[in-house]
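1. sequence and predicted structure are below.
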Amino acid sequence: MIQSLQNMFLTGEQIKNLELKANEIRKDIINMLLAAGSGHSAGPLGMADVFSALYFSGVLNWEPADPWKADRDRVILSNGHICPVWYATLAHTGAFSHQQLVTLRKLGSPLQGHPHYRELPGVENTGGPLGQGLSQAIGQAMAAKMDGAGWRVYCLMSDAEMQEGQTWEAVMFAGKNNLFNLTAIVDRNNIQIDGYTEEVMPLEPLADKWRAFNWTVLEVDGHNIREITDAIEKAKTIRENPTVIIAHTIPGKGVEFMEGDFTWHGKPPKPEEGVVAIKQLRTLWGRIKSEQE
Amino acid sequence: MPKGVLNPKVFEKDLEKKATRDGYGRGLMELGEMNEKVVVLTGDLKESTRAEEFFKKYPERSIECGVAEQNMTGIAAGLAAAGKIPFVSSYAVFSPGRAWDQVRVSVCYSNLNVKISGAHTGVSVGPDGATHQALEDIAIMRVLPNMTVVVPCDEIETRKMTLAAASCPGPVYFRFAREKTAVITTEEMPFEMGRAEVYWDSDNFQFSIFNFQSISKFSNLKNQIAIIGCGPLLYDCLVAAKELHGEGIGTMVINNHTVKPMDEKTIIEAVEKCGAVVTVEEHQVSGGMGSAVAEVLARNLPTPMEFVGMPDKFGESGEPGELLKKYGMDVASIKMAIKRVLARK
């Protein structure tokens, strides 16, 4: 889809490694949800490739060794309920101990059920109640613009939170103010708690809606690392308006019995289901690995 | 005990009147000069919230959000996270009224340095009617952890409060009014957030803030009641206090501008001396400043108490004075409340 930039900066081997990283993140997500006994499964699994691409491909100016440096890129997670994928990704960067992951949702843990601002290195916002993240991201982007600073803001969002009015207030504002330092990444997985988005409250034509508010729209396969990273890089070159990357994902990706099923939106696997899920993810890991060799 | 004196004309006919929102506008202009981090946001209300001068002088630090208070609040949170000091300017019924969840989650839970100013509070908004008369804002803001809530009493105090808010870390909510109201303080009087001030003390007229010719002939009376007020109605509290003094009833009047965190020490000391309390505010009785005082007293010093405020009703269109009278927030109502609580002592 991003023809002009295809194959621009990642080698085939790097791509495979990012896929493997996503797979590791997925296993962590399952283990975290099993340990917590509650939480959301489908969204975090579906976004693992996007998070892997964002944090490990080199597109993001952020270092775990200095997580609050002034000129860092900011990552805002608007749909806070998919935080297991964020926490697992950040742990893989080395921002905090990998062993902490299983404290998700436990008393006293910084891994809150929904992310809390600066509770962990890299957690740049409080998110959970839907529709708030894009506004927060806009505030950061406006501050960067006022200061003439070059850092960028990435706002990860769900598709169903486009049903919140605030999202469109924010979309309208960013389009008007030419916030080219802002990239929104929408997880278009077509599910929400009560069902499929197009049945609960239709969002299509989604790309046209963003375009109508003066955004550049890029659509990618949310499991294709190259498409994701190319789109992020392309967004950096656009100076006219903010960019939204609509990432088409399969909710529950990597765990067959969860894939595409909205009922896995808001529940964790039972212990026996978790065993099957981990087994499937191991098989997937083996498949990616063998393709690499 | 504050330095300087209250406006010596407090009880004169030619007492100056100014709208508290004008003090906000003045404060913003000074902040613009003093602190480059200060950013002002509005939701299509820059003129009537008095943010307009700032917008003209500092366009690069002014953000017009259009009619979208939820987004405006989230943007303010993002600005604060990036080191700015955003002042969000709208009518209180819209912000924080419409953006409560955003204030709760994006601002307060993250403890971000966002200042929210609610204009057009109280029934004194007048002809616009109940939709635009904010009477619940103190309640919905003071219940949020990390939030500071301040209700300045006049234009001068609003200016001081605006400056103080910028140097108070964390979220601050403050409210002001549309109408011109009595200017009872002076620029010289110090202002400190979190510190209540005694403005009238029937038992101590040597008290330095009193410098009025008209009360110089008053002799000290034993205090029977503490009148704890905030906002422009504090003037009505002083008028009631003077009239009651003439009727032989001694009172203390306390400017309890900081509803949260409250100056419990000053409140408790005054109530200990008086033994009865009336709170006065242009807000719903439920959940307002009076409720906050009741919470303090219930824990520390249970005392007979009456509440002057909106009695669980919506307002309506009318002139400010008419509305304050109809809904029981004028001088006569304050005096009646005082007599009711004295009867219970």
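-> That came in fine, so what should we check first? Numbers count the residues shown, from 1 in each chain, chains lettered A, B, ... in the order given.
2. what about the residue in the stretch 1-150 of chain A that chain B sits nearest to, how many residues close to it?
-> Proximity of the stretch 1-150 of chain A to chain B (CB to the nearest CB) peaks at residue A:139, 1.9 Å away. Glycine gets a C-beta too; all of them are placed from N, C-alpha and C. Number of residues near residue A:139 (other CB atoms under 10 Å in any protein chain shown) recorded here: 34.
3. who in chain A is up against chain B?
-> A:74, A:76, A:116-118, A:124-129, A:131-144, A:146, A:165-166, A:169-170, A:172-173 (CB under 8 Å from any CB of the partner chain).
4. and stretch A:277-287, which residues are buried?
-> For stretch A:277-287, burial by neighbour count (16 or more other CB atoms under 10 Å in any protein chain shown) applies to A:277-278, A:280-281, A:284-285.
5. among the residues you listed, which lie within strands?
-> Residues from those lying in strands, with DSSP state E as the criterion: none.
6. rewinding a little: dump the residue contacts of the residue of the stretch 1-150 of chain A closest to chain B.
-> B:74-82, B:84, B:86 (CB atoms under 8 Å, 6 or more residues apart in numbering or on different chains).
7. ok, now with 10 Å
-> Going by CB atoms under 10 Å, 6 or more residues apart in numbering or on different chains, residue A:139 touches A:76, A:125, A:153, A:170, B:39, B:41, B:63, B:71-82, B:84, B:86, B:106, B:112, B:114.
8. what sits against residue 164?
-> As the question left the chain open, I've gone with chain A. A:78, A:129-132, A:134, A:158, A:170, B:70.
9. my question was about chain B
-> B:27, B:148, B:150, B:152, B:157, B:172, B:174, B:191-194, B:258.
10. relative to residue A:229, how far out is it?
-> 48 Å (CB to CB, to the nearest Å).
11. that older thread, among the contacts of residue A:164, which one lies nearest to residue B:264?
-> Ranked by distance to residue B:264 (CB to CB), these are led by residue A:129 at 32.8 Å.
12. does the closest one belong to a helix, a strand or coil?
-> Secondary structure for residue A:129, judged by DSSP: H, G, I helix; E, B strand; the rest coil, is coil.
13. I figured it hits residue B:105, correct?
-> Yes. If you go by CB atoms under 10 Å, residue A:129 and residue B:105 touch, sitting 5.2 Å apart.
14. so between these two, which is more surrounded?
-> Neighbours per residue, other CB under 10 Å: of residue A:129 and residue B:105, the larger number sits with residue B:105, 24 against 19.
15. quick one: contacts for the more buried one?
-> A:80, A:114, A:116-117, A:125-129, A:132, A:136, B:73-74, B:77.
16. same question, residue B:82
-> By CB under 10 Å, 6+ apart, the residues touching residue B:82 are A:70, A:74, A:124, A:136, A:139-144, A:146-147, A:149, A:151, A:153, B:37.
17. what about burial for the residues you listed, which qualify?
-> Buried among these (16+ other CB under 10 Å): A:74, A:124, A:136, A:139-144, A:146, A:151, A:153, B:37.
18. in helices, which of the residues you listed appear?
-> Per DSSP state H, helices hold the following members of these: A:136, A:139-144, A:146.
19. let's have those in a markdown table, adding pLDDT.
-> Supplementary listing: those in a markdown table, determined by pLDDT from 0 to 100:
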| residue | pLDDT |
| --- | --- |
| A:136 | 98 |
| A:139 | 98 |
| A:140 | 98 |
| A:141 | 98 |
| A:142 | 98 |
| A:143 | 98 |
| A:144 | 98 |
| A:146 | 97 |
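20. which strand or helix spans residue B:28?
-> helix B:20-34 (DSSP states H and E).
21. now the element after that helix, going C-ward?
-> Trace forward from helix B:20-34 with DSSP H and E and the next one is strand B:38-42.
22. now for whichever helix or strand comes after that following strand, which elements pack on it?
-> Next helix or strand after strand B:38-42 toward the C-terminus (DSSP H and E): helix B:52-57. With contacts taken as 3 or more CB pairs under 10 Å, 6 or more residues apart in numbering or on different chains; DSSP states H and E, helix B:52-57 sits against helix B:20-34, strand B:38-42, strand B:62-64, strand B:85-91.
23. buried residues, helix B:52-57. List them.
-> B:52-55.
24. repeat for stretch B:13-30
-> In stretch B:13-30, counting by 16+ other CB under 10 Å, buried: B:18-29.
25. how about stretch A:251-264?
-> Applying 16+ other CB under 10 Å to stretch A:251-264 flags A:251-255, A:258-260, A:262, A:264 as buried.
26. now stretch A:183-199
-> So stretch A:183-199, judged by 16+ other CB under 10 Å, has buried residues A:183-192, A:197.
27. would a markdown table of those residues with secondary structure and pLDDT be doable?
-> Converted to a markdown table, the buried residues of stretch A:183-199 look like this (DSSP: H, G, I helix; E, B strand; the rest coil; pLDDT from 0 to 100):
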| residue | secondary structure | pLDDT |
| --- | --- | --- |
| A:183 | strand | 98 |
| A:184 | strand | 98 |
| A:185 | strand | 98 |
| A:186 | strand | 98 |
| A:187 | strand | 98 |
| A:188 | strand | 98 |
| A:189 | coil | 98 |
| A:190 | coil | 97 |
| A:191 | strand | 97 |
| A:192 | strand | 96 |
| A:197 | helix | 97 |
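28. who's in contact with the nearest residue to residue B:145 once chain neighbours are set aside?
-> Residue nearest to residue B:145 in three dimensions, not counting chain neighbours: residue B:108, with 6.2 Å by CB to CB, 6 or more residues apart in numbering or on different chains. The contact partners of residue B:108, by CB under 10 Å, 6+ apart, come to A:126, B:77, B:102, B:114, B:141, B:143-147, B:170-171, B:173.
29. tell me the one of these nearest residue B:272?
-> Looking across the contacts of residue B:108 and measuring by CB to CB, the closest to residue B:272 is residue B:143, at 27.5 Å.
30. I figured residue B:179 hits residue B:125, correct?
-> Yes. Residue B:179 is within contact range of residue B:125, at 7.8 Å (criterion: CB under 10 Å).
31. which one's more surrounded, those two?
-> Taking other CB under 10 Å, residue B:179 and residue B:125 do not tie; residue B:125 has more neighbours (27 against 18).
32. what's the helix or strand for the nearest residue to the residue of the stretch 1-150 of chain A closest to chain B once chain neighbours are set aside?
-> If you skip the residues right next to it in sequence, residue A:139 has residue B:78 as its closest partner in space, 1.9 Å away by CB to CB, 6+ apart. In this assignment (DSSP H and E), residue B:78 forms part of helix B:69-81.
33. now do that helix against strand B:38-42, angle only.
-> 170 degrees (axes from the mean of the first three to the mean of the last three CA atoms, to 10 degrees).
34. run the chain-centre distance for helix B:69-81.
-> 24 Å (CA atoms, centre = their mean, to the nearest Å).
35. just want the angle from it to strand B:85-91.
-> Using the same axes, to 10 degrees, helix B:69-81 lies at 160 degrees relative to strand B:85-91.
36. can you dump the C-alpha coordinates of helix B:69-81 into PDB?
-> What follows is helix B:69-81 as a C-alpha-only set of coordinates in PDB (Å, rounded to 0.1, in the frame of the first residue of the first chain):
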ATOM      1  CA  GLU B  69     -14.600  21.200  26.100                       C
ATOM      2  CA  GLN B  70     -13.700  17.500  26.400                       C
ATOM      3  CA  ASN B  71     -11.000  17.800  23.800                       C
ATOM      4  CA  MET B  72      -9.900  21.100  25.300                       C
ATOM      5  CA  THR B  73      -9.400  19.500  28.700                       C
ATOM      6  CA  GLY B  74      -7.400  16.600  27.100                       C
ATOM      7  CA  ILE B  75      -5.200  19.000  25.200                       C
ATOM      8  CA  ALA B  76      -4.600  20.900  28.400                       C
ATOM      9  CA  ALA B  77      -3.400  17.600  30.000                       C
ATOM     10  CA  GLY B  78      -1.100  16.900  27.100                       C
ATOM     11  CA  LEU B  79       0.300  20.500  27.300                       C
ATOM     12  CA  ALA B  80       0.900  20.100  31.000                       C
ATOM     13  CA  ALA B  81       2.600  16.700  30.500                       C
END
